[in-house]
Each structure stands twice: as C-alpha cells, then as structure tokens.
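# From the sequence below, what's the structure:
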Amino acid sequence: YREFISHTLLLSQRDEAEAYFKSKFSDMSEPSLPFGFDDTQVSPNQIVEAREVLESDLSVGIRAECQRLNISAASFFHLAWALVVGRSIDREDVAFGTVLSGRLQGTAGAERTLGLFINTLPLRLALVGSVEEALSYTHEELLNLLIHEQTSLSRVRECAALPNNTPLFTSTLNYIHELVRENNLRYS
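Residues are numbered from 1 along each chain as shown. Predicted coordinates:
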C-alpha cells in the first residue's frame, strides 16, 4: 500500500494531469445540470440511486455490438448516460461524474491490494456525429481519462473555468459489470 501511495503522490506532481483537465474544462462556461438539479448540498436520504439489471439477451447483444466496434460496454453506457443528460438540458456538450477503480494506473500488485482506491472524476463529452462515431469518441475519452484516474477532484476543479460555488457535475455514472445469478443461471 505504501508503494501505491508513493506512486499516486508522484503522479499528482506531474503537469500532464493539469494540462489534460485544463484542455477539457477551462472553457466550460456552465455545468451540466440534468433535470435542473443544481443543489449538491443535500442530505444522504435525498440522494437518488438507480440500479438496473439487464435481461440476458440485451446484455449479450450490447456486448456483441461493442466487441464488433472494438469498444468497451462501459463506453456504451457512458454514452447512453451522456445522451440522457444532454437531452434533459438540451445541449450537445455535457459533463458528469464517472467512478473509476483507481487501480489501473497503480503500481504492480495494486489489483491485489486491499482497500478502496476508487475516485470519481468528470467526463466531458460532445454528443455529435453518428452513433458509431459517438461510441468510438466516448471510448477514447474514457481511455484518456483513465490515464489520470489518480487525480484528485479538487485538482480537476482548479482547472475548470466555473465559479468556485458552481459544481462540475451533479450526476454520476458508476458502471459495473458483474455476473447475475438467477435460477442458477449466470449471465452478464
């Protein structure tokens, strides 16, 4: 764990993350507030969380299409959420939080180290082009974000052009792929 902390601190001292997040957020003039939700200071019992388990056939179909396009299913669901956010605010440029494992850019053995490493960072997407282009673009943006998954949200916030009292995002997607056991059948 000590090596992971040292590695994370080293990454945070580099300028690449700051340059990356400035390129993404320095021109963002307003946050994406889906359905007009702008109050981020709510009590825990006011937070709305939704979970959905997909039917096996739908899950298999999505994975097959993603494999055909050489993208991850996570990219598909991030684009789907971006479209919901974009439609709810009538914009083609949206940002929302995404939960990252925090282990992909870690030290050797980080995948076996106990503890929480997760981080939530903003993902900004332009909703333009064909569906296939948007999926490829989303996949590329997620891969670029993963390089900086250890960056603190406060450091990202410093790179944004928004006033300090304005949130970077008010919705978050936490995509999780897991096998579901139902009637002794497993599917993903």
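
# Just the helices from the chain, written as ranges.
Secondary structure of the chain (DSSP state H): helices at 2-13, 16-25, 56-69, 73-89, 131-147, 153-159.

# got the contact list for the fourth one?
Which is helix 73-89. Here helix 73-89 makes contact (Cβ atoms under 8 Å, 6 or more residues apart in numbering) with 32-35, 62-63, 65-66, 92-94, 96, 98, 123, 125, 127, 134-135, 138-139, 142, 171, 173, 175, 177. C-betas here are computed from N, CA, C, even on glycine.

# The fifth one too?
By Cβ under 8 Å, 6+ apart, the surrounding residues in contact with helix 131-147 are 16, 20, 66, 69, 71-72, 74-76, 78-79, 82, 98, 100, 104-105, 121, 123-129.

# Would you mind checking those for buried ones?
For those, a burial check counting by 16 or more other Cβ atoms under 10 Å picks out 20, 66, 71-72, 74-76, 78-79, 82, 98, 100, 105, 121, 123-125, 127.

# what about Lys24, how many residues close to it?
Lys24 has 20 neighbours, counted by other Cβ atoms under 10 Å.

# ok, now Asn70?
A count of nearby residues for Asn70, using other Cβ under 10 Å, gives 9.

# List the contacts of the closest residue in space to Thr166 that isn't next to it in sequence.
Closest residue to Thr166 apart from its sequence neighbours, by Cβ to Cβ, 6 or more residues apart in numbering: Pro31 at 5.8 Å. Pro31 makes contacts with 38, 95, 162, 166-170, as judged by Cβ under 8 Å, 6+ apart.

# Next: Tyr175.
By Cβ under 8 Å, 6+ apart, Tyr175 lies in contact with 73-74, 77-78, 98-99.

# can you tell me which two in these are farthest apart?
Greatest spatial distance among the contacts of Tyr175 (Cβ to Cβ): Ala73 and Val99, at 15.1 Å.
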